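Asks: sequence first, then the predicted structure, then my questions.
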Amino acid sequence: MSENHITPKGQQEKGISDGVRFSHLSYGYALKNLPCIYTFFLLLGYEIIFASLLKVCTFARFYYPFIPTRYNYLTKTQRCAMDTKFDLIKKEVAKVVVGQEKMIDSLLIAFFCEGHILIEGVPGLAKTTTVNALAKALGLNFKRAQFTPDLLPADILGAEIYDPKNNSFKIKKGPIFTNLLLADEINRAPAKVQSALLEVMQEKQVTLGDTTFEIEKPFFVMATQNPVEQEGVYQLPEAQLDRFMLKLIVSYNTKTEELEIARRISSGNMEEIHPVITKEEIDQVKNEIKAIHIDPEVEEYMIELVNATRYPSQYGLEEIEHFIQFGASPRVSIDMFKAVKAMAYLRGKDFVTPVDVAYLANEIMRHRIVLTYEAEAEGITTDEIIQKVLEAVNIP
């Protein structure tokens, strides 16, 4: 039996010679093609190193704004002036408004992007006081219109009035002819009054009779609505909601802030607000905001977010598809591109990151997504839909 396990000598030598011949051929082929093999592995190594460095640099530029970039649109002097102006505006507003920093930032973003803002919150959260203080700090005209169920469009826009002395008609301009307009409790007025703001908010002009009047720039509408009231209120139509760049939901102050508010009001210790910026400087800030850089990857990311609200199933969101009746409109993409630039500008950066997009996603889209009756019956909100979209879309 042992002979069956022993390889014959001739076969053993033949196997050895075949192995030696094979190894010689392999080494010969490797030596002959050594430059090509060396070049291949060298390029592969460079590619790995380059990809790693690219990832590190991308991460650093997105999340550490103090690292220099090649998109230095703002000089050091411009950044210092920018920080000083915004700090001065916030400091002036803080003389009469305690806390509510997000509301102040949102107002500044919408104002410098030439948009409008809708603020929802219970009474007593300093909504009117904030916009009045902001108008004084900006040195602009401010008017307030209280919306009621018996309000007429002419009460907001103005009308032609007959003058019996001259036997002619003259134009009586309404409160819309100002720089900052507060439309207080806008959901108390019927739809015809709400729709009277459509032309002026979009085209910055008012038509009275046969005459069209241009609104003096800058023009900014801040509308408030009370979510508590159930009777005597009219829900804003989708076309009207789409005109607002941001919708902000204001919550209560902290206990410390409320204590400071009570002390100031009870003692009458309210400082006077002074203008800290001119109209020329406002235009300069707007131009600097437009110069903020957005990477193509971040631009595509914002478009994907908007598209995911229209076609959720394409992003693996089949569970929320039946909750969405209409997704975000194209105005969302336009306003998002503008608002994230202003957000980066407020943070002292000259480029936009996905963090800026995520920070403003709710404010930009929450009032532009129409939910189905099934979603309302189950208590699903647009904020929950937006959160699902943010989780599903890949961050660049």
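Replies: Thanks, I have the structure now. Residues are numbered from 1 along each chain as shown.
Asks: buried residues in stretch 136-148?
Replies: By 16 or more other Cβ atoms under 10 Å, the buried positions in stretch 136-148 come out as 136-138, 140, 142, 144-145, 147. All C-beta atoms are positioned from the backbone trio N, CA, C, and that covers glycine.
Asks: how about stretch 352-372?
Replies: In terms of neighbour count (16+ other Cβ under 10 Å), stretch 352-372 has its buried residues at 352-354, 356-369, 371.
Asks: pretty sure Leu198 is touching Leu241, no?
Replies: No: assessed by Cβ atoms under 8 Å, Leu198 is found out of contact with Leu241, at 11.0 Å.
Asks: so between these two, which is more surrounded?
Replies: Set Leu198 next to Leu241 and count neighbours by other Cβ atoms under 10 Å: Leu241 wins out with 18 against 14.
Asks: and that one, how far from Ile261?
Replies: 31 Å (Cβ to Cβ, to the nearest Å).
Asks: go on, Glu321?
Replies: Distance, Glu321 to Ile261, by Cβ to Cβ: 45 Å.
Asks: do the same with Leu390
Replies: Using Cβ to Cβ, we find Leu390 at a distance of 34 Å from Ile261.
Asks: next one: Gln284
Replies: With the distance defined as Cβ to Cβ, Gln284 ends up 34 Å from Ile261.
Asks: again with Phe244
Replies: Plainly put, Phe244 is 27 Å away from Ile261 if you go by Cβ to Cβ.
Asks: those two: which has the busier surroundings?
Replies: Counted by other Cβ under 10 Å, Phe244 and Ile261 do not tie: Phe244 has more neighbours, with 26 against 17.
Asks: helix/strand/coil for the closest residue to the more buried one other than its chain neighbours?
Replies: Of all residues not flanking Phe244 in the chain, Leu118 sits nearest, at 4.3 Å (Cβ to Cβ, 6 or more residues apart in numbering). Under DSSP: H, G, I helix; E, B strand; the rest coil, Leu118 falls in the strand class.
Asks: okay, now Leu118: neighbour count?
Replies: 26.
Asks: try the one 4 residues further on
Replies: Val122 sits with 13 neighbouring residues when counted by other Cβ under 10 Å.
Asks: what do you get for Glu101?
Replies: Neighbours around Glu101, by other Cβ under 10 Å: 11.
Asks: what sits against it?
Replies: Contact analysis of Glu101 by Cβ atoms under 8 Å, 6 or more residues apart in numbering lists Lys90.
Asks: look up how far Gly348 lies from it.
Replies: Counting by Cβ to Cβ, the gap from Glu101 to Gly348 is 16 Å.
Asks: again, but for Gly115
Replies: 21 Å.
Asks: more neighbours, those two?
Replies: Neighbour totals were compared for Gly115 and Gly348, and Gly115 leads with 22 against 14 (other Cβ under 10 Å).
Asks: and that one, how far from Glu214?
Replies: 18 Å.
Asks: now do Val228
Replies: 38 Å.
Asks: ok, Gln314 next?
Replies: 43 Å.
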